[in-house]
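*Asks:* Sharing a model that was predicted from the sequence below.
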Amino acid sequence: MNEQLIKLIELQDIDSKIDEANNNIEKINGEMNFLRETLVKEKEQIESAKKDITNSNILKKEKEVEIASIEEKIKKHNMELNAVKTNDAYKALLTEIENGKNEKLKIEDELLVLMEADEKTYKDMKNLQKEYENKESEFVEKKALFESDLKKSGELVSQRISERKTKLAELPKNIADKYENIRKNKNGAAVVMVEDNACGGCHRNLPIHIIDELKKGKDLITCNNCMRILYQK
């Protein structure tokens, strides 16, 4: 195996470690963002429940005022019954009183529905708050671990990038450029091992003359199908 091929294999090993570290960074950031978004959504649900309760309290207050107003009217009409002089006026007041009582019952039923809904909302909000606090504690714990892993991966990437520059500088420019182009077009795998006379990248069987050239170990040999650089142990 010639010296340039050895350096290419070493370069690819460095690149694989950089890719692995970058993938780990992306994964960690994804998990952190997911946890943050989950907390934000749950916080929004809690705030929405609080808003619903506030609005319901306003509505309940309005209905209580309506009930008090109707009760005042009923009380007034009852007092007026003793003062009316005609049967028609008496019947009219009784009708007003009955209508008032029915309207009061209707509003009281609506008020009861609101109170029952509030009770459920309070219960749901309490559960949401507890779940939020648990997830927030979990996030705080994981965040410290995530940040530690991010730091290690970041340091590893910086170190490997420095090694990569050194290794690239040791190669002739045409070979370094060739490696970079293949790596870019083949998802990182630029140098592959031949296994059972087949390319380790595209897995196509290689012609005999390519196998023979590989055995000589003098020149860089590429797969005639996928154009990856080949090597043999």
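*Replies:* Sure thing, it's come through.
*Asks:* what's the domain layout of this structure?
*Replies:* Listed domain ranges for the chain are 21-171, 172-233 (source: automatic domain parsing).
*Asks:* what helix or strand does the closest residue to residue 71 other than its chain neighbours sit in?
*Replies:* Among residues not flanking residue 71 along the chain, residue 104 sits closest, at 6.8 Å (Cβ to Cβ, 6 or more residues apart in numbering). (Glycine included, C-beta is placed from N, CA and C.) Secondary structure assignment for residue 104, by DSSP states H and E: helix 87-169.
*Asks:* what packs against that helix?
*Replies:* helix 3-81 (3 or more Cβ pairs under 8 Å, 6 or more residues apart in numbering; DSSP states H and E).
*Asks:* Measure how far the helix it packs on is from the centre of its chain, please.
*Replies:* 12 Å (Cα atoms, centre = their mean, to the nearest Å).
*Asks:* and the angle for it with helix 87-169?
*Replies:* 170 degrees (axes from the mean of the first three to the mean of the last three Cα atoms, to 10 degrees).
*Asks:* what's helix 3-81 packed up against?
*Replies:* helix 87-169, helix 173-185, strand 191-193, strand 229-231.
*Asks:* Let me have those in a markdown table, extended by mean neighbour count.
*Replies:* Shown next, in a markdown table, are those (neighbours: other Cβ atoms under 10 Å):
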| stretch | mean neighbour count |
| --- | --- |
| helix 87-169 | 13 |
| helix 173-185 | 15 |
| strand 191-193 | 19 |
| strand 229-231 | 22 |
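*Asks:* could the ones you listed go into a markdown table alongside distance to residue 22?
*Replies:* Formatted as a markdown table, the helices and strands packed on helix 3-81 follow (distance: least, Cβ to Cβ, whole Å):
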| stretch | distance to residue 22 |
| --- | --- |
| helix 87-169 | 6 |
| helix 173-185 | 14 |
| strand 191-193 | 19 |
| strand 229-231 | 23 |
